[in-house]
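*Asks:* No letters, just coordinates:
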Ligand SMILES: C[S@@+](CC[C@H](N)C(=O)[O-])C[C@H]1O[C@@H](n2cnc3c(N)ncnc32)[C@H](O)[C@@H]1O
């Protein structure tokens with residue numbers, strides 16, 4: 001994989017990231033669009049999804065990322081590996097999620113992951129964070145009943161804010177008693193997750209489900 005150099009962070013509030021995406025023709029993206037769809041928000045270089053797509057051919061995977069060069073390279077790598085159940089899109093998810101989700105066939109969106117989304121841990125930058133109440137509303141309206149949302153971060157304050165925003169929405173039930181999950185229920189760790197683990201850092205993980213009791 002060519003290691004493209006990109007800025008560490010981009011400010012999602014700046015003008016150039018305010019245009020909602022034009023949704024693609026999903027039938028041209030996935031040969032079988034009616035498979036369950038797993039959406040990963042803030043996928044960076046996309047390694048997590050690449051491995052998931054290889055592991056689970058019966059699921060379609062979609063990665064969203066605001067740093068465009070990473071998306072270009074991730075799609076090239078997808079082509080090289082000939083993975084038909086994997087696609088990456090460049091957009092600001094906080095602007096595009098409603099239009100993106102409305103364009104999907106009904107009933108396909110089953111899993112959402114938001115993993116280490118934010119460098120924005122200062123209070124004055126809280127509006128730049130990914131998990132805003134509007135994003136939770138859009139997910140509540142479009143995730144299938146029984147669908148899962150998995151969240152993780154190494155910044156406790158950010159993890160707590162994400163968790164609280166799902167907790168306070170009537171559509172979602174937390175799937176565990178303890179504040180944080182002790183282990184990751186997914187088979188593949190993300191790049192950021194491996195980096196944190198290597199340094200012995202703490203990770204705060206939680207799992208929500210829409211519309212059904214535990
Ligand atoms: C710290 S990285 C974590 C990447 C990956 N999920 C992982 O765990 O290794 C967070 C990613 O989210 C992306 N991101 C942040 N805000 C975003 C937004 N509003 N829309 C789409 N992507 C965003 C960043 O550009 C960055 O690549």
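*Replies:* Arrived safely, thanks for sending. Keep in mind it's a predicted model, so treat the numbers as computed, not measured.

*Asks:* OK, contacts around whatever residue of the chain ends up closest to the ligand?
*Replies:* Using C-beta to the nearest ligand atom, the closest approach of the chain to the ligand is made by residue 42 at 2.6 Å. Backbone N, C-alpha and C define where each C-beta goes, glycine included. Residue 42 makes contact with 64-66, 93, 114-117, 130, according to C-beta atoms under 8 Å, 6 or more residues apart in numbering.

*Asks:* mind listing which of those residues are in helices?
*Replies:* residue 93 (DSSP state H).

*Asks:* Kindly reformat the contacts of residue 42 as CSV containing distance to residue 19 and neighbour count.
*Replies:* Converted to CSV, those look like this (distance: C-beta to C-beta, whole Å; neighbours: other C-beta atoms under 10 Å):
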residue, distance to residue 19, neighbour count
64, 14, 22
65, 15, 23
66, 12, 22
93, 13, 24
114, 22, 23
115, 25, 23
116, 25, 21
117, 21, 22
130, 18, 20
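
*Asks:* Can you narrow the contacts of residue 42 down to the ones near the ligand?
*Replies:* 64-66, 93, 115-117, 130 (C-beta under 6 Å from any ligand atom).

*Asks:* closest to residue 25 among the residues you listed?
*Replies:* Lowest distance from residue 25 to the ones next to the ligand among the contacts of residue 42 (C-beta to C-beta) belongs to residue 64, with 17.4 Å.

*Asks:* quick one: stretch 86-98 to chain centroid distance?
*Replies:* 9 Å (C-alpha atoms, centre = their mean, to the nearest Å).
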